[in-house]
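A.B. asks: A structural model of the following input is requested.
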Amino acid sequence: MHVITGRFKGVALTTPLSVTRPTTDRTKEAMFSRLESWGLLDDARVLDLFGGTGALGVEALSRGARELVVVEANAQAARLIAQTLTTLKRHSGWEDGMDAHVVRAKAERYAAKAKVDAPFDLVLIDPPYAFPTADCARLLDDLVERGLVADDGAIVLERSKRTKAPAAPAGWVEDDVRDYGETTVYTYRSAAYERLVAEQTAD
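C.D. replies: Sure thing, here's the model as predicted:
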């Protein structure tokens with residue numbers, strides 16, 4: 001696995017195959033092309049939950065994000081993510097003002113307990129396919145209720161297309177749904193932000 005494009009294009013990502021299910025390059029390219037077109041990556045503060053290899057968060061960082069927090073519960077995977085981030089910080093593409101680190105914790109605990117200095121502009125969630133829909137909905141609710149996502153930000157969730165879609169958090173809407181093979185990618189935005197965009201478009 002490697003970074004697809006951007007300032008860290010080609011950087012290798014070590015994959016602990018026994019504990020992760022990496023997002024395919026096809027899905028990753030489609031997802032991030034869409035996020036770029038929406039202007040969600042430029043100087044963004046990004047949270048990557050269920051980090052795995054860290055591929056999603058690192059791709060966001062490569063394509064313009066400035067800050068990245070990767071949350072991963074597995075010790076081996078978290079260690080490999082930390083090694084990848086160290087490699088990035090030594091890369092010629094790394095710029096002053098950028099920041100990235102890994103937190104070893106369960107994603108759901110982080111969402112329920114973490115205290116952050118500022119909300120994230122983009123939250124990327126790629127749980128195991130077996131992660132229950134009810135737990136997924138609770139995770140989304142915690143992110144919004146605790147102010148971990150900016151009002152004009154977005155939550156992007158990957159799930160098996162064989163699983164039921166979790167309900168959007170209160171005050172948020174399911175803005176976009178795309179299928180890529182066995183994977184469905186959901187994007188959630190705040191209803192207030194959607195109304196503002198609609199009003200500006202009407203003007």
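A.B. asks: okay, CA-based contacts and neighbour counts for the rest of this
C.D. replies: Fine.
A.B. asks: quick one: strands adjacent to the longest strand belonging to the chain?
C.D. replies: Longest strand in the chain by number of residues (criterion: DSSP state E): strand 149-160. Here strand 149-160 is paired, per DSSP bridges, with strand 120-125 (parallel), strand 183-190 (antiparallel).
A.B. asks: quick one: the next helix or strand after it to strand 149-160, angle?
C.D. replies: For strand 149-160, the following helix or strand on the C-terminal side (DSSP states H and E) is strand 172-180. Angle, strand 172-180 to strand 149-160, by axes from the mean of the first three to the mean of the last three CA atoms, to 10 degrees: 30 degrees.
A.B. asks: Tell me which other helices or strands strand 172-180 touches.
C.D. replies: Packing contacts for strand 172-180, counted by 3 or more CA pairs under 8 Å, 6 or more residues apart in numbering; DSSP states H and E, involve strand 183-190, helix 191-202.
A.B. asks: Show me what it pairs with in its sheet, parallel or antiparallel.
C.D. replies: Strand pairing for strand 172-180, using DSSP bridges, gives strand 183-190 (antiparallel).
A.B. asks: any idea how far the strand it pairs with is from the chain center?
C.D. replies: Computed by CA atoms, centre = their mean, to the nearest Å, the separation of strand 183-190 from the middle of its chain amounts to 11 Å.
A.B. asks: Can you dump the C-alpha atoms of it in PDB for me?
C.D. replies: Taking C-alpha atoms only, strand 183-190 is exported to PDB below (Å, rounded to 0.1, in the frame of the first residue of the first chain):
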ATOM      1  CA  THR A 183     -18.100  -1.200   0.500                       C
ATOM      2  CA  THR A 184     -20.600   1.700   1.000                       C
ATOM      3  CA  VAL A 185     -19.300   5.100   1.900                       C
ATOM      4  CA  TYR A 186     -21.700   7.500   3.700                       C
ATOM      5  CA  THR A 187     -21.000  11.200   4.100                       C
ATOM      6  CA  TYR A 188     -22.800  13.200   6.800                       C
ATOM      7  CA  ARG A 189     -23.100  17.000   7.100                       C
ATOM      8  CA  SER A 190     -24.900  19.200   9.500                       C
END
